[in-house]
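Trainee: Sequence and predicted model, in that order:
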Amino acid sequence: MNHSDRTRLRSDCAGVLWLMAASAMAGDWPAFRGPSGNGVAREDKAPVHWGPGTNVLWKTALPGPGNSSPIVSRGRVFLTCAEAAGKKRNLFCFDRRTGTKLWVRTVEVPTVEPTHRSTPYNASTPVADGSHVIVWHGSAGVFCYDFDGTKGWEKGLGAVRHDWGYASSPILHRGKVILNFGPGSRTFLAALDLKTGGLLWKRDEPGGLDATDKRMVGSWSTPIIIKVDGKDQILCSMPTRVIACDPETGSVLWTCAGLGDGKADLVYASPVVSGGIGVAFTGWGNGPTIGFKLGGAGDVLSIDALCAD
C-alpha cells in the first residue's frame with residue numbers, strides 16, 4: 001500500500017525518528033496530514049535539503065518500524081511504534097527541542113494479528129489538542145492520555161482484523177474523537193466523547209469482508225472535516241463510496257458512489273477538497289478516482305441527482 005502521505009517527520013523502516021532543525025520552532029502539526037487534515041503547513045521556512053548530516057536538530061532510535069506519522073503539539077512529539085510482532089503497541093512522547101524521551105505507554109495485545117509488511121502495526125497516527133493525545137491501537141482500543149502520560153480513558157470498539165492491517169487515524173472535532181473503524185468484517189464511523197471516551201454515535205458501513213468473501217475489501221481512509229453551506233460535515237472514503245455525515249448525530253447527509261470495482265474495493269487515501277469540489281482515490285492497480293461537488297442529498301452520483309443538476 002502507498003503511505004506516501006506519511007513521509008513528513010515519520011518513523012522509517014530503520015526505526016529512527018528525525019526532527020528537522022529549521023522546523024523546530026514552527027507551528028504545531030497535531031494530526032495526520034496537519035492541522036487542517038489537508039497536508040498543508042502554514043510555515044514557509046522548512047529546509048529544502050536535509051538528511052543524516054544536514055539540517056537535523058536531533059534523532060532517536062525506535063524499537064521497531066512504523067507507518068504512523070509523528071505529530072507535534074505544545075512542545076511534544078508523539079508517535080506510535082510496535083514491538084513483539086504487534087503484541088506490544090506503544091505511544092511515545094518526546095521533547096520537541098531536545099528529542100529526550102519523556103514517556104512511553106504500552107498496550108499489550110495477547111495474540112499476533114494479521115497485517116502486511118507494507119503496513120506495520122501501529123500505522124495509525126495519534127491526534128492531540130494541546131492537552132489530550134488520542135491513539136488508536138486497533139483491536140486493543142482507543143486510548144486517551146494527558147501530556148504527562150496519565151491515562152484518562154480507554155474504549156474498546158471490538159476486533160479489527162485484515163490481511164493488510166489497520167491504518168486510519170482518529171481526528172478531533174468539537175469535543176469528539178472521530179474514527180473510521182476497520183477494515184474487516186466490521187466497518188463503521190464512530191464518535192467518542194473526548195472527555196470520557198463514551199460512544200456518542202456509530203454509523204455502520206455495509207459491505208465489509210467476511211470469512212467466505214474472496215474479494216479484497218477495505219478502507220484505510222482518515223476522515224476530514226469540510227464545510228458545506230456554512231455547516232461542518234465529516235467526509236470519509238469507504239470501500240465503494242464517499243460518505244458525508246453530520247458530526248453531531250452520525251447521520252448520513254449525502255453519498256457519492258463510484259469507488260471500488262467489485263473485485264478490489266480498496267481505499268487507502270483521505271479525500272481532498274478544494275473550491276467546493278472533492279476528489280477521492282481508491283488503491284490497488286487501476287481503481288477509479290472520482291471527483292464530485294460537495295453537498296446534496298442521497299447519492300449525488302445517481303441518475304436523479306444528475307438530472308436535478
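Mentor: Perfect, I can see it now. Numbers count the residues shown, from 1 in each chain.
Trainee: Please enumerate the helices of the protein.
Mentor: Using DSSP state H, the helices of the chain run over residues 303-308.
Trainee: For it, name the helix or strand with the lowest mean pLDDT.
Mentor: Ranked by mean pLDDT, DSSP states H and E, the weakest helix or strand in the chain is helix 303-308, scoring a mean of 44.
Trainee: Could you list the low-pLDDT ranges of this structure?
Mentor: Counting by pLDDT under 70, the chain contains low-confidence residues at 1-18, 20-26, 209-215, 262, 285-286, 302-309.
Trainee: Could you rerun that using 80?
Mentor: Flagging of the chain using pLDDT under 80 yields the residue ranges 1-26, 43-46, 66, 207-216, 260-264, 283-287, 301-309.
Trainee: who touches the residue sitting nearest the centre point of it in this structure?
Mentor: Note on the chain: the residue nearest the mean C-alpha position is residue 169, at 2.0 Å, using C-alpha atoms, centre = their mean. Contact analysis of residue 169 by C-beta atoms under 8 Å, 6 or more residues apart in numbering lists 31, 32, 68, 69, 124, 125, 126, 127, 136, 222. All C-beta spots, glycine's among them, are computed from the backbone N, C-alpha and C.
Trainee: Pretty sure the second one sits against residue 171.
Mentor: So that's residue 32. Yes. If you go by C-beta atoms under 8 Å, residue 32 and residue 171 touch, sitting 7.5 Å apart.
Trainee: joint contacts of these two?
Mentor: By C-beta under 8 Å, 6+ apart, the residues touching both residue 32 and residue 171 are 127, 222.
Trainee: hey, where'd the strands end up in the stretch 1-150 of the chain?
Mentor: 16-20, 56-61, 71-73, 76-83, 88-95, 101-108, 127-128, 132-136, 142-146 (DSSP state E, counting those that start in this stretch).
Trainee: Adding mean neighbour count and distance to residue 252, write these out as a markdown table.
Mentor: Formatted as a markdown table, the strands of the stretch 1-150 of the chain follow (neighbours: other C-beta atoms under 10 Å; distance: least, C-beta to C-beta, whole Å):
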| stretch | mean neighbour count | distance to residue 252 |
| --- | --- | --- |
| strand 16-20 | 19 | 39 |
| strand 56-61 | 14 | 43 |
| strand 71-73 | 23 | 29 |
| strand 76-83 | 23 | 30 |
| strand 88-95 | 21 | 31 |
| strand 101-108 | 14 | 32 |
| strand 127-128 | 24 | 23 |
| strand 132-136 | 25 | 22 |
| strand 142-146 | 20 | 22 |
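Trainee: In CSV: the ones you listed, plus distance to residue 271.
Mentor: Converted to CSV, the strands of the stretch 1-150 of the chain look like this (distance: least, C-beta to C-beta, whole Å):
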stretch, distance to residue 271
strand 16-20, 28
strand 56-61, 33
strand 71-73, 20
strand 76-83, 23
strand 88-95, 27
strand 101-108, 30
strand 127-128, 18
strand 132-136, 20
strand 142-146, 22
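Trainee: Those strands: which one's closest to residue 115?
Mentor: strand 76-83 (9.4 Å; C-beta to C-beta).
Trainee: Pairing partners for the closest one, with directions?
Mentor: Strand pairing for strand 76-83, using DSSP bridges, gives strand 71-73 (antiparallel), strand 88-95 (antiparallel).
Trainee: any chance of the ones you listed in TSV, plus distance to residue 155?
Mentor: Compiled in TSV, the strands paired with strand 76-83 are given as follows (distance: least, C-beta to C-beta, whole Å):
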stretch	distance to residue 155
strand 71-73	20
strand 88-95	15
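Trainee: right, so of the ones you listed, which gets closest to residue 233?
Mentor: Nearest of the strands paired with strand 76-83 to residue 233, taken as C-beta to C-beta: strand 71-73 at 23.6 Å.
Trainee: Contacts for that closest one next, please.
Mentor: Residues contacting strand 71-73 (C-beta under 8 Å, 6+ apart): 9, 28-32, 77-79, 96, 125-130, 133, 147.
Trainee: try 7 Å
Mentor: For strand 71-73, contacts defined as C-beta atoms under 7 Å, 6 or more residues apart in numbering pick out 28, 29, 30, 31, 78, 96, 125, 126, 127, 128, 130.
Trainee: What of stretch 228-237?
Mentor: 178, 180, 189, 219, 221, 223-226, 242-247, 253, 259, 267, 270-271, 278, 280, 294-295.
Trainee: List buried members of those residues by neighbour count.
Mentor: For these, a burial check counting by 16 or more other C-beta atoms under 10 Å picks out 178, 180, 189, 219, 221, 223-226, 242-245, 247, 253, 259, 267, 270-271, 278, 280, 294-295.
Trainee: Show the contacting residues for residue 199.
Mentor: Contacts of residue 199 by C-beta under 7 Å, 6+ apart are 190, 192.
Trainee: I should have written residue 255 there, sorry.
Mentor: Contacts of residue 255 by C-beta under 7 Å, 6+ apart are 241, 242, 243, 299.
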